[in-house]
Structure formats: C-alpha cells, structure tokens
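Undergrad: how would this look folded up:
(chains A and B)
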There are 2 protein chains.
Amino acid sequence: MTELARSNRVRRTWWTDATDAAGCKAYTVYNRMMLPASFGGPAIDCAHLKRAVQVWDVACERQVEIGGPHADQVMQRLTPRDLDGLAADRCAYVPICNRNGGMLNDPVALRPRPGVWWVSLADGELRLWIEGMVEAGGYDAYVREVDCQPLAVQGPKSDDLAARVFGEEVRSIRFFRFKRLPFQDTELIVSRTGYSKQGGFEIYVEEQRHAMPLWEALFEAGRDLDVRAGCPNLIERIEGGMLSYGNDITDADTPFEVGLEKYVQRFDCIGGAALKRHVSTRRLMALEMEKPVPACERLWPVKVGDRQIGVVSSAAESIEFGCGVAIGMIGRKWTAGQEVVIETQDGPKRGRLREKFWR
Amino acid sequence: MTELARSNRVRRTWWTDATDAAGCKAYTVYNRMMLPASFGGPAIDCAHLKRAVQVWDVACERQVEIGGPHADQVMQRLTPRDLDGLAADRCAYVPICNRNGGMLNDPVALRPRPGVWWVSLADGELRLWIEGMVEAGGYDAYVREVDCQPLAVQGPKSDDLAARVFGEEVRSIRFFRFKRLPFQDTELIVSRTGYSKQGGFEIYVEEQRHAMPLWEALFEAGRDLDVRAGCPNLIERIEGGMLSYGNDITDADTPFEVGLEKYVQRFDCIGGAALKRHVSTRRLMALEMEKPVPACERLWPVKVGDRQIGVVSSAAESIEFGCGVAIGMIGRKWTAGQEVVIETQDGPKRGRLREKFWR
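TA: Numbering: from 1, shown residues only, chains lettered A, B, ... in the order given. Down below sits the predicted model:
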C-alpha cells in the first residue's frame, strides 16, 4: 500500500470532504486533482455499481472552454471528427491528435451555449495544447479552464434517482445528449454520459454553492435505492472495454489503433495528413487472463513463445466473468483465440486474446 | 491517511522499485509520474538532508526537447528571460507565461547540445503548450518529451559523494552550470542545481540501463557519508523560500507577484504585452505561524481582523526555526511584522508576515 501525500498542488474538489466522509479508501490523481479510486474495494464497488446506483465525484474531468468568433474553427482544427451539423444538445466524443496522429486526449465535447465549446478532459492538460495553438495561430478565440465540476450518477437505477432530483424529464435524455434541468434556484446541464456501461448521467455543476446541496439531494432521494458514493471502477470499465487515457491510450497511439477509427471523418485537422497515410500494425484488444491478477502499474509484455506481440496496459479480476480481464495493445496479425503469456511483476500468467470485450 | 491507487496512468520511474525498497512511505503524483514525498517523515528527512546527503528520484522533472532550425526562436518566444548570450554550460531558470502574463511553469532549461533545448518541467504538461504553439505558429522546430530521468544528489556532503562517483572535476561545476562527466561507458550531464538550499547536483540519466547502476554507485560510495534515499522536503523548501508550481504559483500569478521579476527582461515573448503594463497588487511572502500546523491541502485565508489580505499555499513545522513556516500570496500594502490570523481546516492560527524566508 502506498500513501498519497496531500498538498494544494493536488487539488481538492468540491466533494473531497464528502468522499472522505463516505469512506473513500484510495484516491488517484487525475488532471492534478483528487479522484476517488476505491470505497469498499474494486470488487464490492463493482457489484454494487451493477445492481444499484452510485454518485461519483468526477470533478477532475476539467472543462476547457473555447469561445469567441473562431471557436468552431479551433474545435474542428483539433479533431478529425466532423462536427458540422452536430445537434445542439449533442455530446461528442472527440479524439484529439498531434501532428503525427498520436492521441493527445479523448474528451467529450458539448456546447453549453451556442458558439461556446466545453471540452471535458481525460487525464492530460489539453488546455495548454489548445491555448498554445490559439496563441500562435492567430485565432480570434479565447481558451480557459472553467471551474465547472461534474458529478456522475451511474448504475441501473440512475434514471430513477435522477428523476427524483431533476424530474421525469431526465428520462427522456437520449444517449450522449444533454438537457438543462432545474435544480434549486438554477438549471444544471445533465448529460446521459459517463464512464461505465451501467447507464447514467453526468451533471455539470457550475457553482460551488450547488455542489454539496446536489450531493445531499441525491443521497437523500436515493436512500431506498441503496445509493452509495462510488468512482470509476477498474473491473467494470475493462469488462465494458472503456479505455483510459494514460493507461490504454497514449500519444504514441493513433485513433486507428485504439478502436476509434469511426471518428476519423476528415483530414483538415492537426494530424490529418498523418492519419490519412497511417497504416496501423497493432490494435487494442481484450485479453482474458489467469488469476490472481496483480495491480497493473507497469506495462506487461505479452508473448507467444519467445516473441513479444504486445503489452497489457490495464487488468483486473472479474467476479461476474470468472476470469482476469485485461486490455492490451497487440500486433494486428494476432487474432482472437491466440494463447499468450502475460509477464506481470508477479510472474508469467496464461492469457488468451478475445475479439470483443465482455459487455 | 490517504492511499494512492497505482496504475499505468501514474507512471513509475526507473527507480520506483528502489524507492519502494528504500522505505518510501508516501508518494505524490507530479507530471503524471510517481514522486517520493516521505521516507522517515518530513522532520526526520529534513534533519538528515541538512547534515548528510540524499539521493532523490526526480524523474518526474520531465524533459521537453525543442530542436530544429527555429529552436532558439521558439525558446525565446516562450519566456521573458533574455536568453541571448547565455553561456553554453548554463542552466537557466525560465518563467513561462501565457498571454496574460500568468505563469504556466517555472522550469530550468539547458542545452544538452548546441541548438537543442531541454526544458526540465515543474508540475504541468508544458510540452502541450509548446507543441500547440509550434504546430500552429509555423515554426521549423520539433518538440518531444525525452525519456531522460533526472536523479538528484542533495545535502552538504553532495560534493564529496559526487566526487567519488564522477571524479574531482564535479567540484568545479559552478552554481546553475553543468558538465558532462564520465559514468561507466557513457557521459552524463551533471548540473549544480536542485530543489533544496543544501547544495548538490542533478544528474540527467538518458538511458534506463544507467539508472540503477548510478543509484547503486551513489549508495555504495556514500555509505560512510550516511547517504539515504530522500525527496524534495516540504519543510526545508519553505524555510528556503523555494516555490512550488501548483502550490505557490499558478497561471493566475505573474512573475512580478511570485518574486521572479528579475527574469522579466524582454517583452517580445508570449505575454510580453501584458507583463509590460502589469501592476501587481500582491506578492508571495514568508509567514511565521503558530504550531501545530496541519497539512496545507487547501488555500488558507489570511486575515487581519475581518479583512482577508491573502492566502497561504504551503506550510509546515520547522524544528530548526522553532515555528510554523509558510508561504502566502499577500496584498502589497501589508508589510513584514503584520500580525495575521490564518484560517486552517483545523481552526484559526496566529501568524506574522516576514520580509524574508529563513534561509
């Protein structure tokens, strides 16, 4: 076990006192901010997430605001995803690439107001990239980090819980869409998004004065739904093939290699030329592996005989599927069913490539 | 106590196994990498640092390399410090500002080869800023993170220890200068720099194969000097007025406000226009404060009567000076000697503004 030294540099969120009080046992640091990582332990948290509903402090999903006359132009320069004609209530998963087509982040973008973008970041200070680009590129746009802190509601009972707090209209929000819904004296952006496959919402809290009232309203309303404080769950996200930037994706990987080829829709963005001529020789795959599975805090070589065919970047033990579950970057010539050996810090483990994730 | 959840996203260094083995009790995350924060506890680590010598894993000081025909031009565009005529063996502390003159980082830059810059980062992904700027600005330059991992040797016996490993020539390195000195089959850049006031060096390890041999050579050679594994020490750095980006400096602060006005030497950089017209109304100051001092993991309001005159961003208890030591951003009208109240999470503490730091 490793202790995390606290300091101002690792920023608290509006809910850190509440997650401490709710028994958060481990945190990680995400965008230089505290992100809860475990309450009852990954397996217990996972089982609860799949049957009930959880409230997650994901304030670390920092919002970068791009505004001004050239905001749309800046946004489209950032991503190969075609943003023309995107509905006003749409949340868009937007790969952002460097000049080599390498992934710099995989945020979700939405427009809180016409002509203004919020880019909800995965781990990595993409604001600096956008600011540097706008600064040197002569765009008539501004870039700033908004201190908006998202709170997620995830799990099969999310609709029921959210309806009690925001009204029945919340049920009508479609996947990757958002609405502004009333809360106390304001309206909050509520989107049907989130980092699990159990369904749910993310609520964009724009003022600290609404943060704890919202937290308390959710816990009060969800008592009989067994609502608990939770966090992105390693097991559930691997089962569902949800990628983690910094773990499974780095700037050495293109969208084609991490299964995001469908978002490469135009080439007039930064990295477009590289993406156009890119030939990928590897891809992210699911791997089943022998238990016990140690903490995956270094890249594990994946071997067939003496030959290394890739690396595992995330792994956990799944109770639901009765095996170790993992995500790895594997050479394209290797296909599902291939038996492999995964070299962990606790020794070699038998594994097998899979065509699909578990969920 | 807070547990840190480990994952690939929080990168291990070439020495993490060694710092674990040496009894590192707490880590922090710095540039998405593990940085040791405590071995025997801050007070014991501090006393040892002041009398002997320590080896610090500061691999998290990521090196951003800027090269190509426009490298010098890019570098000078980044900072208000005048880099013309900088000696080839010089390490330069370079404030980097955004268009408002706000500090984005306070790295140390050096040229490992003529025409190539390494920018040794404080916490913050400045590489993204530089890359975005180079990408959009049409510079003929490249920007990349080099996987060079610095190891620091700090403490009054640093010269003796370094001389045993690198030869007597190491003693002749002047403050903020570097030399390439032989180690095994290579030469390593050794600079007289580091994040303490106890003297010492930073060694830029460019290949993993030299990392553990260097660690072991230092511990072997320093046995009778009582060499220990250590880390940047909160107490010693506050006593010495060494600022921490993310704690004491953010992008809301200009160089004038954080005591770096002497590095504002030209205005043809990003933020230059803002710096030229900037009038600072506050400045970082040392504060003495009543003990016990809790962990400063949120900004503490500093008050005179009912009036807030600033915030404390870093604080610790000093055994050497027999008081709490702190760094705060304080309104310029308030001067040394002023009695204040500091509102910590554990209640109000009496304090006093000081003109200077303790060392």
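
Undergrad: and chain B, is stretch A:53-65 touching that?
TA: No. Legend: contact between stretch A:53-65 and chain B by C-beta under 8 Å from any C-beta of the partner chain is lacking; minimum distance shown is 11.4 Å. C-betas here are computed from N, CA, C, even on glycine.

Undergrad: any idea how far A:Leu181 lies from chain B?
TA: 30 Å (C-beta to the nearest C-beta, to the nearest Å).

Undergrad: check A:Gly40 too.
TA: A:Gly40 is 13 Å from chain B, by C-beta to the nearest C-beta.

Undergrad: find the residue closest to that residue in space, skipping its chain neighbours.
TA: Distance criterion C-beta to C-beta, 6 or more residues apart in numbering or on different chains; nearest residue to A:Gly40, sequence neighbours excluded, is A:His48 at 7.3 Å.

Undergrad: quick check on that neighbour: phi, psi?
TA: The phi and psi values for A:His48, taken as degrees, to the nearest 10, are phi -70, psi -40.

Undergrad: how is chain A divided into domains?
TA: Per automatic domain parsing, the structural domains of chain A span A:1-279, A:281-359.

Undergrad: and the longest one, how far out from the chain middle?
TA: From the chain centre to the centre of domain A:1-279 is a distance of 6 Å (C-alpha atoms, centre = their mean, to the nearest Å).

Undergrad: the residue in the stretch 251-359 of chain A positioned nearest to chain B: what's it in contact with?
TA: The minimum distance from the stretch 251-359 of chain A to chain B, using C-beta to the nearest C-beta, falls at A:Glu297 (3.9 Å). Contacts for A:Glu297 (C-beta atoms under 8 Å, 6 or more residues apart in numbering or on different chains) come out as B:Arg6, B:Ser7, B:Asn8, B:Val10, B:Arg12.

Undergrad: show the contacting residues for A:Asp185.
TA: By C-beta under 8 Å, 6+ apart, A:Asp185 has no neighbours at all.

Undergrad: how much space between it and A:Ile203?
TA: Using C-beta to C-beta, to the nearest Å, one gets 16 Å for the distance from A:Asp185 to A:Ile203.

Undergrad: cool, and A:Asp89?
TA: For A:Asp89, the distance to A:Ile203 - C-beta to C-beta - is 15 Å.

Undergrad: what's next to the longest strand along chain A, contact-wise?
TA: For chain A, the longest strand by residue count, based on DSSP state E, is strand A:307-318. Identification of contacts with strand A:307-318 by C-beta under 8 Å, 6+ apart yields A:42-43, A:234-235, A:238-239, A:244, A:247-248, A:282, A:285, A:287, A:289, A:291-293, A:296, A:299-303, A:323-331, A:334, A:340, A:342, A:351, A:358, B:7-8.

Undergrad: what does the average pLDDT come to for stretch A:223-232?
TA: The pLDDT scores in stretch A:223-232 average 98.

Undergrad: give me the residues contacting it.
TA: Contacts of stretch A:223-232 (C-beta under 8 Å, 6+ apart): A:18-19, A:22-24, A:35-39, A:45, A:48-49, A:52-58, A:154-155, A:157, A:160-161, A:195-196, A:218-219, A:221.

Undergrad: coming back round to it: contacting residues for the residue nearest to A:Gly40?
TA: Contacts of A:His48 (C-beta under 8 Å, 6+ apart): A:Gly40, A:Gln54, A:Gly155, A:Asp226, A:Arg228, A:Gly230.

Undergrad: ok, the closest residue to the last one other than its chain neighbours to A:Val29 distance?
TA: Nearest residue to A:Gly230, sequence neighbours excluded (C-beta to C-beta, 6+ apart): A:Gln54, at 3.0 Å. Going from A:Gln54 to A:Val29 by C-beta to C-beta gives 21 Å.
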